[in-house]
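[1] Sharing a model prediction with you, sequence too.
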Amino acid sequence: MGSFLRSFAIQGSWNYRSMIGSGFAFALAPFLRRSGLTGEELASAIRRHLESFNAHPYLSGIALGAVARMESEQVDPQTIHRFKEAIQGSLGGLGDTLIWGAWRPAALLLALVVASIGAPPWVPVLLFLALYNAGHLAIRCWGFRIGLDEGREVAARLKEASLSLIAERVFGAATLLLGVLVGVLLTGRLSMEGTTWLWPLGGMVAFVVGLRFGRRVLRVATVALILTIVLVTAMGAI
Amino acid sequence: MTLLLSALGGVLALDATSLGQFMISRPLVAGVFTGSILGNPAMGLEVGVILELFHVAGMPAGGSRVPDAGPASVAAVAVAASAGGLVVSDLGGMTVGVHRHLSAILIGRVEVGLARPVHLDVAHLSLIALDFLRGATVTGLAILAGRWMVGASASWWTVGYGSTVGILLVGVSIHLGALLRGFGGWRSRRVLFMVGAVAGMIGTYLS
């Protein structure tokens, strides 16, 4: 339980040297203590786990549970090291796709649609927090549990769970919600009094640019918008 | 009030990476939180929605640096300036990078001299506390600077409300296009997207 709770702070010392390696050791420490390790033995085990490690924070519990199980079975350190090296890429890629790429945008888009049709302020916020965190907490609990249950065999359970397939379905739902939001924005916001047809046209061109170039143009686009606002403001001052 | 909002910014900065990640740091949530504290949740929602539209396509994959949207949203609602939130979000992201470099130095020292396991606990928790202070400082400074700048330049913005919304929505559109690409792109998702868009338009006309 201590390790599971600490896994919520696994990114607390995220750094460019070991990424979440130190957070992993921090989260594993209560389990190592409970296993009866003390003094130099405990310090040595923690030092081993300070090595570089990176994974999606929600799915890192899978590796954490599996390593806890392996430590309790006194698996040799080299095998544990190789296990962590092998599984981190999958946990990172799967988590980025499923959580950051699909689940979070889908929950946010639903909340944005609800907000844009005029719901009271707290309704979209509570809807988003409840929906998003139901999935968030479920995947954290499930991940830590299968890690503890399966130990080094956890990769097979991960494959069975078909997280990629789940992500694909969430992408579909998120696309539908994105369409609804764009429809609401075009007909609601842009048809307001004082707005010309040029803005929807500009919006469509910008949408196609985003669609063509993806996330790599976002920072440039934001900087361009800020500069436009600064320029227009400066012109007003003259 | 600035101190209270700075503390809120600190808590939200923690949520973004260091602690929990329950997504209370999302602009939509942070905006309404801040608006409620200031007695105007509707304004908080409006600023939060605009900032959320500019952040929803962002993805903190791997170790990439991402905008620090939570503190930025608090500051943007506090001074009622959405565009300011975009600037603070980007600048705040740079301070996250500084925090990560400091973390590397401290954790490197712990690795070398770990005599007692509690040293790692102290280092880890200290870095979480430092992240809170970072977020609170970014928020506080952004509110103070934002008040001054908005006060000085509000009358210089001579563009009408319709065009202001238009400029923002053109900016947002590029993010929404990138989001659709992230969901699989036009070819594989166009039917679902168009069904949604038509449903959204019909729903708006009917309501």
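    Nice, I can see it.
[2] only C-alpha atoms for contact and neighbour calcs from this point on.
    Noted.
[3] Which positions in the lengthiest helix in chain A come out as buried?
    Using DSSP state H, we find that the single longest helix of chain A is helix A:122-150. By 16 or more other C-alpha atoms under 10 Å in any protein chain shown, the buried positions in helix A:122-150 come out as A:122, A:124-125, A:127-129, A:131-133, A:136, A:139-141, A:143-150.
[4] list the helices and strands it packs on?
    On a contact count with 3 or more C-alpha pairs under 8 Å, 6 or more residues apart in numbering or on different chains; DSSP states H and E, helix A:122-150 meets helix A:60-72, helix A:104-116, helix A:154-160, helix B:27-37.
[5] do the first one and chain B meet?
    The one in question is helix A:60-72. No. Using C-alpha under 8 Å from any C-alpha of the partner chain, we find that helix A:60-72 stays clear of chain B, coming within 12.9 Å at best.
[6] So which other helices or strands are in contact with that helix?
    The elements that helix A:60-72 packs onto, with contact taken as 3+ C-alpha pairs under 8 Å, 6+ apart, are helix A:21-34, helix A:77-95, helix A:122-150.
[7] Measure how far that helix is from the centre of its chain, please.
    Centroid displacement of helix A:60-72 relative to its chain, using C-alpha atoms, centre = their mean, to the nearest Å, is 20 Å.
[8] could you check the angle helix A:77-95 makes with that helix?
    Counting by axes from the mean of the first three to the mean of the last three C-alpha atoms, to 10 degrees, helix A:60-72 lies at 170 degrees to helix A:77-95.
[9] avg pLDDT for helix A:60-72?
    The pLDDT scores in helix A:60-72 average 94.
[10] One more: the second one?
    In this model, helix A:104-116 has an average pLDDT of 96.
[11] The third one too?
    In this model, helix A:154-160 has an average pLDDT of 87.
[12] Now the element after it, going C-ward?
    Helices and strands here follow DSSP states H and E; after helix A:154-160, the next one along the chain is helix A:163-184.
[13] Could I get the buried residue list for that following helix?
    A:167-168, A:170-184.
[14] okay, the residue positioned nearest the centre of chain B: pLDDT?
    Nearest to the geometric centre of chain B sits residue B:69, at 1.1 Å (C-alpha atoms, centre = their mean). pLDDT, residue B:69: 93.
[15] Identify the spatial nearest neighbour of it, chain neighbours not counted.
    Distances taken as C-alpha to C-alpha, 6 or more residues apart in numbering or on different chains place residue B:89 nearest to residue B:69, at 5.0 Å, with adjacent residues excluded.
[16] quick one: contacts for that neighbour?
    Residue B:89 sits next to B:67, B:68, B:69, B:70, B:71, B:72, B:73 when contact means C-alpha atoms under 8 Å, 6 or more residues apart in numbering or on different chains.
[17] Please name the spatially closest residue to the fifth one (chain neighbours excluded).
    Spelled out, it's residue B:71. residue B:9 (4.3 Å).
[18] you'd agree that neighbour is up against residue B:69?
    No. Contact criterion C-alpha atoms under 8 Å: residue B:9 and residue B:69 do not qualify, at 9.6 Å.
[19] hmm, back to that, from the helices and strands packed on helix A:122-150, which stretch is densest packed?
    Ranked by mean neighbour count, the helices and strands packed on helix A:122-150 are led by helix B:27-37 with a mean of 27 (mean count of other C-alpha atoms under 10 Å in any protein chain shown).
[20] what about the next helix or strand after that one, near chain A?
    Counting by DSSP H and E, the element after helix B:27-37 in chain order, helix or strand, is helix B:41-55. Yes. In terms of C-alpha under 8 Å from any C-alpha, part of helix B:41-55 sits within range of chain A, namely B:41, B:42, B:45, B:49.
[21] I'd guessed the first one sits against residue B:35; true?
    Yes. If you go by C-alpha under 8 Å, residue B:41 and residue B:35 touch, sitting 4.1 Å apart.
[22] re the thing from before, pLDDT of the longest helix of chain A, averaged?
    On average, helix A:122-150 scores 96.
[23] how far off helix B:27-37 does that helix point, in degrees?
    130 degrees.
[24] between helix A:122-150 and helix B:41-55, how many degrees?
    50 degrees.
[25] ok and helix A:122-150 relative to helix A:104-116, angle-wise?
    Using the same axes, to 10 degrees: helix A:122-150 against helix A:104-116 is 160 degrees.
[26] got the contact list for residue B:147?
    With contact taken as C-alpha under 8 Å, 6+ apart, residue B:147 is in contact with residue B:79.
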